[in-house]
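# Here is the input, now give the coordinates:
(one chain, ligands or ions: 1)
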Amino acid sequence: MKNLIGIDKVKAEQLIIKLNDLLANYQLFYQNLRGLHWNIKGKEFFELHLKFEELYDDAVIKVDEIAERILTLEGEPLHTFSDYLKTTEIKEERNITNGAQGVEIIVNNFTTLIKKERVILSLASNADDEGTVSLMSDYIAQTEKTLWMLNSYLKSYQI
Ligand SMILES: [Fe+2]
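Numbers count the residues shown, from 1 in each chain. Below you'll find the predicted structure:
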């Protein structure tokens with residue numbers, strides 16, 4: 001049985017579950033970025049305050065794209081924080097004021113997201129779901145580049 005866009009319904013169901021998991025994790029990631037944007041202190045305030053804003057602006061676009069992909073696959077996107085908290089692997093961060101610690105959290109959150117995106121890419125490919133493949137493929141390439149930059153930043157903190 002195929003859904004309205006011609007994807008196998010059982011495979012689409014599996015993708016919807018994984019995409020909802022990614023959505024929940026992205027929402028926690030988004031809120032972590034907002035907290036960092038607000039709470040960061042110190043000499044690098046201006047630089048990091050802006051960087052976190054750039055990252056959450058990007059995250060909020062991805063949140064919407066993931067939710068709308070779920071709808072396109074005929075699923076229901078999770079849309080309450082109670083559901084996100086039940087689903088997410090990314091944890092809430094609280095009162096982080098140190099820049100390097102903040103960037104390290106973001107690196108870890110991105111690492112969790114990219115792992116999930118690679119699993120979805122492989123499932124989507126197996127379902128001949130090119131739309132999801134291409135979305136995940138873009139996210140993975142962008143996140144890899146961001147991880148390179150963030151890890152380069154963190155090098156200044158290693159002796
Ligand atoms: Fe702001």
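
# Can you list the neighbours in contact with stretch 77-92?
With CB atoms under 8 Å, 6 or more residues apart in numbering as the test, stretch 77-92 has contacts from 19-21, 23-25, 27-29, 31-32, 66-68, 70-71, 109, 112-113, 116. C-beta here means a position set from N, CA and C on the backbone, and glycine is covered the same way.

# 6 Å instead, please
20, 21, 23, 24, 25, 27, 28, 29, 67, 70, 109, 112 (CB atoms under 6 Å, 6 or more residues apart in numbering).

# Count the neighbours of the fifth one for me.
Think residue 25. With neighbours defined by other CB atoms under 10 Å, the count for residue 25 comes to 21.

# That one: what's it in contact with?
88, 89, 90, 113.

# For the contacts of stretch 77-92, I'd like a selection string for ChimeraX - just the buried members, please.
Of these, the buried ones can be selected in ChimeraX as follows, counting by 16 or more other CB atoms under 10 Å:
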select :20,21,23,24,25,27,28,29,67,70,109,112
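
# CSV for the contacts of stretch 77-92, including secondary structure?
Formatted as CSV, these follow (DSSP: H, G, I helix; E, B strand; the rest coil):
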residue, secondary structure
20, helix
21, helix
23, helix
24, helix
25, helix
27, helix
28, helix
29, helix
67, helix
70, helix
109, helix
112, helix
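
# Closest one to residue 9 out of the contacts of stretch 77-92, please.
Of all those, residue 9 sits closest to residue 70, with 14.2 Å by CB to CB.

# Next, the residue minimising distance to the centre of the chain: secondary structure please.
For the chain, residue 26 is the residue whose C-alpha lies nearest the centre (CA atoms, centre = their mean; 3.8 Å). Secondary structure, three-state DSSP: residue 26 is helix.

# Out of the contacts of residue 25, name the two that are farthest from one another.
88 and 113 (10.8 Å).

# Residue 95: how many residues sit nearby?
6.

# what about the residue nearest to residue 9 when sequence neighbours are not counted, how many neighbours?
Spatial nearest neighbour of residue 9, excluding adjacent residues (CB to CB, 6 or more residues apart in numbering): residue 1 at 4.5 Å. Residue 1: 6 surrounding residues under other CB under 10 Å.
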